[in-house]
Each structure stands twice: as structure tokens, then as C-alpha cells.
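Asks: Quick one, structure for this:
(chains A and B)
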Amino acid sequence: VPPAINSTVGLCTTCRPMQVFTKTKSEIYLFFNLVCDPADVISTVEFNQTGEFLATGDKGGRVVIFQREPQGEYNVYSTFQSHEPEFDYLKSLEIEEKINKIRWLPPHNPAHFLLSTNDKTVKLWKVSEKDKRAEGYNLRDEEGRLKDLSTITTLQVPVLRPMDLLVEASPRRVFANAHAYHINSISVNSDCETYLSADDLRINLWHLNITDRSFNIVDLKPENMEDLSEVITVAEFHPHHCHLLAFSSSTGTTRLCDMRARALCDQHAKLFEEAVDPSRRSFFSEIVSSVSDVKFSHSGRYLLTRDYLTVKVWDLNMENKPVETYQVHDYLQTKLCSLYESDCIFDKFECTWNGTDSVIMTGAYNNYFRMFDRASLRDVTLEASREVCKRRAVLQPRRVCVGKKRKETDVSVDSLDFRKKILHTAWHPKENIIAIAASNNLYIFQDRLTPNGHHNMPEIQSAPPK
Amino acid sequence: MAGAEGDDSLYPIAVLIDELRNEDVQLRLNSIKKLSTIALALGVERTRTELLPFLTDTIYDEDEVLLALAEQLGSFTVLVGGPEFVHCLLPPLESLATVEETVVRDKAVESLRKISQEHSPVDLEVHFVPLVKRLASGDWFTSRTSACGLFGVCYPRVSSTVKAEIRQHFRTLCSDDTPMVRRAASSKLGEFAKVLELDYVKSDIIPLFTALASDEQDSVRLLAVEAGVSIAALLPQEDLEDLVMPTLRQAAEDKSWRVRYMVADKFSELQKAVGPEITKNDLVPAFQNLLKDCEAEVRTAAANKVKVFCESLPEDSRETIIMTHILPCVKELVSDTNQHVKSALASVIMGLSTILGKDNTVEHLLPLFLVQLKDEYPEVRLNIISNLDCVNEVIGIRQLSQSLLPAIVELAEDAKWRVRLAIIEYMPLLAGQLGVEFFDEKLNSLCMAWLIDHVYAIREAATCNLMKLVEKFGAEWAQNTIVPKVLGMANDSNYLHRMTTLFCINALSEVCGQEITTKHMLPVVLKMSTDQVANVRFNVARCLQKIGPVLDSSALQAEVKPVLEKLATDQDMDVKYFALEAISVLALA
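Replies: This next block holds a predicted model:
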């Protein structure tokens, strides 16, 4: 019996479903998630700075915001249409409304602000509450009927009266026309006045108050497009140092730029890249090494990168190799050919840190997601599925085996469903609550042993299952 | 004002009040802009007790409405009953000072600053200062940033205990957790320092300045540079070295180019604030470094300051400093890799000649001008040409003319029409400085060539240029050099060129005077009235209307009238229209 399962029992038994939200129009679809309306497929998930709010964006251009109730449950707080499909007449190009990324701004005032982007346009949204209403007109009564003018003998100033809470989302800024290619990332700077938007070849820097101008800080576009050798896949600002930004490329490298040194950051300060063993090179080497996500740790010291088969932790002080490498689904090594044919090999899996940077989470196929505990080096595979969630039972670890099944619960590689993939995940910034997007379902799981925000996963693991 | 029956005068006000809540933002905006009318109708009492409380809670509106409201409230004192009641305006402005939109907050702060002057010293302490404190300790950064702008206006007018509290609040905000508040504090530090007693500037402001200037956020540090300039201006000379110079020196060498850019940008102000001695010892080397900075943005900002910096150097050592320290850097910048740096330098470098005098200019600056006149970027060349007057005063333009000519010709034939347009605009200036002889010989043909440029904007500018040249060189010159060539184009096969003749006549008739117009131009215009292209014909009509006032009445009656009458029966409706218009304007009917 391999030790893997037993050693991860601690981690997985503590995770149980909290809630599931399915974006389907009728009950019939519930059991056939795959035939859901494509517009309902969730394309990004993001907690705000306090974890009180959780935002999702979908392929239909909608943003749904959930608010955590005092009892702990997340409920829908506001839903709005952020982007609409458009058509670029000059380039004869359809612009999808799909929300590629959402980023929350640090709190300003009682309202909440977030940036959402599709392929071309970033928008700043304000989500605010209104609980008062003005009453009393001079020229009409409360039903809206015009009054007889002769009865108006005195002026009436409207008075504000309490009303039912109304949550409104209003677009505050539209940052458009700055990207020739598709925007893949947005990231708010720690100075809270600027943010970056990155497309395949360029990174632009914006001021949050200025929509008609942005500065190009990275430009990878070669003079001749035939010389193109790499594209930008993700870009992110450092959480504390306003001058540092990291961006990764399709060649598997991640570059760190210092905006203090120059106005243009085409020349990087550091390049994080692991040398590939030439004997192991294959046709797929470069494709699978393409970095699909980059996240700075909350501490700011580490970079987490996800490529097709692994997640890697890099120390900002060491460029030549990662300090930790975790295999996400090593068993796919032999399947790359068919994954290439089905285009699955180009899937962009995201990765995330927990609040204390001690655990890493990322998605996989078959609605599985993986967690890695950095201290104990234990890992676990869990499944986000409606069946599990219905019972509200503790999640059971899953195991994928190559070849013959060793246990009844094992799943063979050949029976994995590659259409069910978990690309987008998010971790509550302070507590062990995670949000997993699987197609049109949003699963929220909570670690039941730490309902009050103790954030030390290693301890939880040592606790016996109850 | 409430009558027993419906009062007609109430109606417009009632509409305005109702429209404060209209769904159409434009109507709400209109209403808010007439808030004073509403307040006047309500009277001071009801404005205070009903209107202002309503406005205090209406901060959910669109930015433009809130902005208008914040502005209105700044001049509302009379409408609430005068300075005695001015504090009633504080609650709505307080809530406006906390909204997320920066322009609205800034406007609210501006209005608060304005009405603070209308508070009596007692009211200031009882009403205004508590508001500032509330904002300063607010939960949200929006209110704390607004507070930063209010300390300066109340500080001079309150008791020493309150002063101490205000200083404490300001200190707290300077070390706020959020960069937004620290930026606001940093940008108001200089202003606050100005109202503080000198001892407190030294004991309070200096440590705050030092801390903000070494903040972890670039955006905070760069704002501290400006504060440093203001503070330096306040301190006596002997304290500068110890109190501000270490920090300013550090800013000039900051790791972040944005901070160094700010130092370069504020260099003249800084120079003025620290005085000649420190300028000589510290600023000269600092300026050299900025001119050699690795970031082009910084070099551009510094290059822009070269002339002003040199001008303000202490007179006794000015020439030595420029020759030994600044000029070598300037020489390098002339062949900088970045076009913006070179173009910034080109716009000020000519100014150095007046400072350095004839001999130095000829020996050291002239070679640089010549290099820049041959620069690959048209903007650099244009900037040199546009500033020729400075050199002209010192050494005369002849020294340059050999290189000037190829540069002008090249710009005049540049493929980008905007570049051609720019050089045309400098032509009258150049003509004035080069003299009529040189002009006739070298530049006249260029000016004529522009008349047949394929871009209309160039032809138009060329026409206007001819008029300015005639203003400079006189009618006689025009008759000999320009008019024959212009009139020659009337027979061109291209109708656009024929039209250019008409446009030139429009522009030239007045400056050339009656004789030339009647004798030489009019016959050509009249002849063109039979042109086969309608556009030419109706432009003849317009041209006649234009030159009519220059002609004497006999010519008008005998020659112009018949032609216009004929055109008025033209089969083209536009020709007819303009002919009839000309007839009526010239009163020939």
C-alpha cells in the first residue's frame, strides 16, 4: 500500500463542502453539467482583501459577488453585466464578453471596488449599498400624479427615509483601446493608484483615475512578427514593493522587473528559469513548460508558478532553480500526445497560496484539485462534485493510478474526464476557505476544524479525523 | 412667501427642487447648479434646517453632480445666514470629502478651505477643527486624505493647545498605513510647513520630511521632493545644510527614476530655495548627474532646465561653472540616443548663447547647434530653428546660415506634412532674421513650392506665410517677387493650383494695397470668372467679395459688378449663391 493516502488523511478530512452554487437555468441541467449554457461557465474567481466578499466572472460577461454572512455562509450579494460582446469593425474581429480576470481594489470607503477585464477592455466597478430614499415632490404626489397647481402654496424639500437595502453596481471607469492583443492579466499595485494590464506581447501601466492614457512598460513585440519566439502569459505586481513586477512567458521563464531602474522594463532584473535536461527534451517540452499562472506569496518572498504538469515555488533570491517543485498530475506524461490532439495541453491552470503561504492549491482534470503542504511535503487530491457536496460530508482523497487499480476507490488515468477541469481556484486570505470553479459550478469548501480563522494548516494535519 | 392661493412664483422653484431627484442626470445637474436660487427661495432658516440635511445624505449621485454640489457649497455662506451660521455647511461638505472620486473630494476640500476663512476664531475651534479631526481619524483613507488639505488653513487661527493637537494629527497621517494618505500628507507637507512656527518646522516638519522622503513607496518619496523645496525656502541658510540637504541629496540619487525625475523637474525652484553657496557646492554636481542619468525621462527633464539653471547661477562664477561643468554634459546630450532628450535640449540650448557671450558661443555652442541642425529627428531641428532669435542677438545669424539652409530645405521637403507645416510657420521669423537678400536667393523658391503642395493644409499655410512675408518686406517687394509667380498659376492646368491663386489674392490684396490689387490682381480674377470648373468660379465670387473693400468704387462698378452679375446667372447653384452674396455684401445691387 503506498503511503500517500494515509499520510494525507489529515489534510483532506478537514475539508468539507460549505456551499455549491450552480449557475443553471433549470433543474434538469443539474445532473448534466456538461450541457450547461456555455455563458455560465465561470472564468475567474477572486476573494477580496478581507475575504468577506468573493467575486466570480463568467463567459457571459457577468460578475457575481458573494458576501459572507455572519453565520459563515456566502450568499449572492450582487450580480451585474460587466462586459457585453462587441465587434471591432476596423479589424473585423469579434470581442468576446468573457471576464478574463477580476481584481479587488483595497477598501476606499463603505463601497467596494473591483477591476474586471475581458480581452480588450478593463472596467472599474463600484458596488455600493443604498438604504435611504428621498420622498416628497412639489409638483406630484407620492403615486407620481401631477398635483393641482393651485394647491401648491409652499415649497417642499425632499426628505430621506429608510428603505430596503439596495445593492448597486456602477461602472466608474472604462480603460479601453490600449491593447492590440488579448489581455490575460490585471494586477493592482501596492501604491493603490496604479495597476497593470498585460496582453500577449505588452504590459501597460495605468493610473486608476486616468482612462485616456497608459504607459507601455514591457514590449516583447519583435519588429518582424516572424521572429516572435514567446508571448506573455501572466503578469503580477509584488504585494508590497510598488516597483517590482513579475511576468511569465510561454517559454517557461518568469521575469522580475524593477520599475525604479527604467521607465521601460524590457530588460528584466531577474530571470527565473530551470535548465531542462537536454536528454529529456521532446516535442512537448516547451508547450508543457509554458507558465500558466504566477502568484507572489503573501510575504512577498516567493513566486509560485504553474506549468502544465507542475507547480513550482521560487525564492526571489534564487533564479536558477525553484526551491520546491510539486507534481500535479505526473501520470499525464505518457498522455501528452492525445492531450495535444484535444488541445487540452494548452489549458491554463491557475494556482494559489493559502493565507499563510504554507499550502499551495491548483486544479487538475476530472474535477480534481490538488493541495500541497510545503512544510510536511504532503499532498492530496480532492474532487469537487455535486454528489460529495450534497451530503455535506468530509471530502475523501482521490487517487489516480496508472495501470491496474490497487484499491476500489482508485481511478484509472484512462477513465479521467478531460472535459471536467478545474482551472480557477481561490483561497480566502485569512481562513481556510477555498473557492473552486468547475465549469458552471462554484464550490466553496471550509476547513471545519478552523472555523474561526486559525491559519495554520500543518497543525490541522496532525489532528486525528473526527 | 406662502400665499393662500397657488403662487406662480413658486412654480419654477418647485420644478428645480423636484428635479434634484430627477432620473435624468443632466436635469439633476442643472438643478444643483441653481442651488443658490432654491436656497434663496427657501430662505436662510429652511436652507439650514431642510435643504442642507437633505444634501448631506445625497452623496450617492453621479460625480459631476457631486462636483457641482461641492463647488456650490463653497459660496453658500450668505444663503445660510452669513458667517454666524457658516458652520451649517460643514456636514454636507464633510460627507463629500469622503467620497471615492478624487475630483469631488478635492473640490469639497477647496470649498471647506474657502469657508474656513468665514469662520470666527471661536467657530473655527468649536465646529471646523472637530471636523478636521473627524476626517483625520476616519475609517476610510478617503476621509484621511481630505483632512491633509485642511490643517494648513485652520492652524494659524487657533489656540496653542489646538495647534499642538493639529500637529499631532498631521504627524499621525504622515505615518498612515495606506500609501494614499501618506501621499496626501507628503503633498501638503510644504504648505503645512509654511504656516508653522519656525521652531516647529525644525522639530516637527523636518523629521516628517525625512521619513516621507525615505518611504518605501516611490510615489510618496517623489512628492516629498516638492515639500523639500518649500521647506528649504522657509529655513535660514545656516540650517539648510544639516536639516534638508542630506535628504535632498539622497533624493537626487534615489534608486527610482521617478524620484530623480521629480528632482530634475523641480530643479530651478530648488536652486532658488537653497541659495548660491549650496548651488555651487551641491546642485552643480547633482545637476551633472541628472544630465547623465541612465533613464532618458530624467535626462529629458534635466535638459529642459539647462538654460534656467545656468541663468540663475551666481554671477561671479557663472561662466566658469558652465564652461567646466555643464557644457561637457550638454555636449554629450547633443548626441544622446533618445530623441526626446535631444529635442528638449534643442529647445533651450540656444538660450545659453546670451549667457556665454559672443566668443564662447562661436567657439563652443555653434558646433553644437550645427550638429543639432543635422539631427535625424525633425523635432530637434525644428526646435533649434524656432529659437534662432537668441543666437541672432549674440552672433548674428550669418554664422549659421550655411548649415541652416540645408536644414530648412530638408524640413521643407519632409515626408510628414506636419513637419512641413511647422517649418512654414517659422518662415516669417527666419525671413526677418536672414534679411530680404538671403531670402530671395535661397528661400523664395521654397515658399512658392509650398503653394502647390498636395496637402491642402500646407497650401493654406503657405498662403498665410506669403501675407506675413509681404508685411515684413513691403508691397514693392511683393510686386516684384511674389505677385507675378502667384498670378502665373492662374493659367495652371490643375484647378487646385488655379484656386490657390485666388486664395493668395484673398490674403495678399490688403497688404499689397489698392494699386497692385487693381492693376495686377483684379484682371486675373475677372478673367478666371469664365473658368470651366465651378469651384474656381464660385471662389472668384468669394475672392471679389474679399478684395472689394480694397478697390475703389469706379473699379467696382465698372469691372466687378458686370462679372458678378454674370456669375449670378451661372447654372451652378453654388456659384450663383456666392455671387449673390458678394453683390449684397459689396452693395452692388
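Asks: What separation do you get for residue A:361 and residue A:284?
Replies: Taking CB to CB, to the nearest Å as the criterion, residue A:361 is separated from residue A:284 by 25 Å. C-betas here are computed from N, CA, C, even on glycine.
Asks: ok, residues contacting stretch B:486-497?
Replies: B:451-452, B:459, B:466, B:498, B:500-501, B:504-505, B:508, B:520-521, B:524, B:527-528, B:531, B:533, B:535-536 (CB atoms under 8 Å, 6 or more residues apart in numbering or on different chains).
Asks: what mean pLDDT does it have?
Replies: Predicted confidence along stretch B:486-497 averages 90 (mean pLDDT).
Asks: Please state the offset of that stretch from the chain centre?
Replies: 41 Å (CA atoms, centre = their mean, to the nearest Å).
Asks: One more: stretch A:147-164?
Replies: 49 Å.
Asks: returning to that earlier point: please say which of residue A:361 and residue A:284 ends up with more neighbours.
Replies: residue A:361 (23 against 16; other CB atoms under 10 Å in any protein chain shown).
Asks: Tell me where the model's unsure across the chain.
Replies: Going with chain A. A:1-36, A:389-392, A:448-466 (pLDDT under 70).
Asks: Oops, wrong one, chain B.
Replies: Ranges of chain B meeting pLDDT under 70: B:1-7.
Asks: Where is the longest helix in it?
Replies: Counting residues, the longest helix in chain B under DSSP state H turns out to be helix B:417-438.
Asks: Enumerate the positions of it that are buried.
Replies: B:419-424, B:426-434, B:436, B:438 (16 or more other CB atoms under 10 Å in any protein chain shown).
Asks: residues making contact with that helix?
Replies: Contacts of helix B:417-438 (CB under 8 Å, 6+ apart): B:378, B:382, B:385-386, B:388-389, B:392, B:397, B:401, B:404, B:408, B:411-414, B:439, B:443, B:447, B:450, B:453, B:455, B:457-458, B:461-462, B:465, B:468-469, B:471-473, B:477.
Asks: list the helices and strands the following helix or strand past it packs on?
Replies: Going down the chain from helix B:417-438, the next helix or strand is helix B:444-450, by DSSP states H and E. Helices and strands touching helix B:444-450, by 3 or more CB pairs under 8 Å, 6 or more residues apart in numbering or on different chains; DSSP states H and E, are helix B:398-412, helix B:417-438, helix B:456-473.
Asks: Need the three-state assignment for residue A:446.
Replies: strand (DSSP: H, G, I helix; E, B strand; the rest coil).
Asks: Roughly how far does it sit from residue B:98?
Replies: From residue A:446 to residue B:98 the distance is 35 Å (CB to CB).
Asks: The two: who's more crowded?
Replies: The neighbour comparison of residue A:446 against residue B:98 (other CB under 10 Å) goes to residue B:98, with 24 against 21.
Asks: part of a helix, is that one?
Replies: No. Under three-state DSSP, residue B:98 falls outside any helix and is assigned coil.
Asks: That one and residue B:92 touch, don't they?
Replies: No. Distance between residue B:98 and residue B:92: 11.4 Å, which falls outside the contact criterion (CB atoms under 8 Å).
Asks: in the stretch 301-450 of chain A, what residue is nearest chain B?
Replies: residue A:301 (15.5 Å; CB to the nearest CB).
Asks: For that residue, list the residues it contacts.
Replies: Taking CB under 8 Å, 6+ apart, we find residue A:301 in contact with A:315-316.
Asks: check whether the top strand by length along chain A contacts chain B.
Replies: For chain A, the longest strand by residue count, based on DSSP state E, is strand A:159-175. Yes. Under the criterion of CB under 8 Å from any CB of the partner chain, chain B is reached by strand A:159-175 at A:159-160, A:172.
Asks: how about the nearest residue to residue A:111, chain neighbours excluded?
Replies: Excluding the flanking residues, the one nearest residue A:111 by CB to CB, 6 or more residues apart in numbering or on different chains is residue A:128, at 3.7 Å.
Asks: for residue A:100, same thing?
Replies: Closest residue to residue A:100 apart from its sequence neighbours, by CB to CB, 6+ apart: residue A:117 at 5.4 Å.
Asks: Kindly report the same for residue A:206.
Replies: residue A:214 (4.5 Å).
Asks: Verify the stated contact: that neighbour with residue A:208.
Replies: No. Contact criterion CB under 8 Å: residue A:214 and residue A:208 do not qualify, at 11.1 Å.
Asks: who in the stretch 251-400 of chain B is up against chain A?
Replies: So the stretch 251-400 of chain B meets chain A at B:254-258, B:294-297 (CB under 8 Å from any CB).
Asks: hmm, 7 Å instead?
Replies: Contact residues (CB under 7 Å from any CB of the partner chain) of the stretch 251-400 of chain B with chain A: B:255-257, B:295, B:297.
Asks: Would you mind listing which of those residues are buried?
Replies: Buried among those (16+ other CB under 10 Å): B:256-257, B:295, B:297.
Asks: for the residues you listed, which one is nearest chain A?
Replies: Nearest to chain A among these is residue B:256, at 3.7 Å by CB to the nearest CB.
Asks: can you give me the helices for chain A?
Replies: Going by DSSP H, chain A shows helices at A:4-13, A:285-289, A:336-341, A:386-391, A:457-462.
Asks: For chain A, what lies in contact range of chain B?
Replies: Contact residues, chain A versus chain B (CB under 7 Å from any CB): A:108-109, A:111, A:130, A:132, A:134, A:137-139, A:149-155, A:157-160, A:191-193, A:209, A:242-243, A:260-263.
Asks: need the buried ones among the residues of the stretch 251-400 of chain B next to chain A in JSON lines with secondary structure, can you?
Replies: Formatted as JSON lines, those follow (three-state DSSP):
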{"residue": "B:256", "secondary structure": "coil"}
{"residue": "B:257", "secondary structure": "helix"}
{"residue": "B:295", "secondary structure": "coil"}
{"residue": "B:297", "secondary structure": "helix"}
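Asks: Looking at the stretch 451-589 of chain B, what residue ends up closest to chain A?
Replies: Relative to chain A, the nearest point of the stretch 451-589 of chain B is residue B:455 (23.9 Å; CB to the nearest CB).
Asks: What residues of the longest strand of chain A count as buried?
Replies: A:160, A:167, A:169, A:172-173, A:175.
Asks: got the contact list for that strand?
Replies: Strand A:159-175 is contacted by residues A:77-78, A:80, A:121-136, A:206, A:211, B:54, B:57 when judged by CB atoms under 7 Å, 6 or more residues apart in numbering or on different chains.
Asks: Pairing partners for that strand, with directions?
Replies: Take DSSP bridges as the rule and strand A:159-175 pairs in its sheet with strand A:122-135 (antiparallel).
Asks: Pull the distance from the partner strand to the chain's centre.
Replies: 25 Å.
Asks: contact partners of that strand?
Replies: Strand A:122-135 is contacted from outside by A:65, A:78, A:82, A:111-116, A:158-163, A:165-175, A:183, A:186, A:197, A:208, B:21, B:57, B:60, using CB under 7 Å, 6+ apart.
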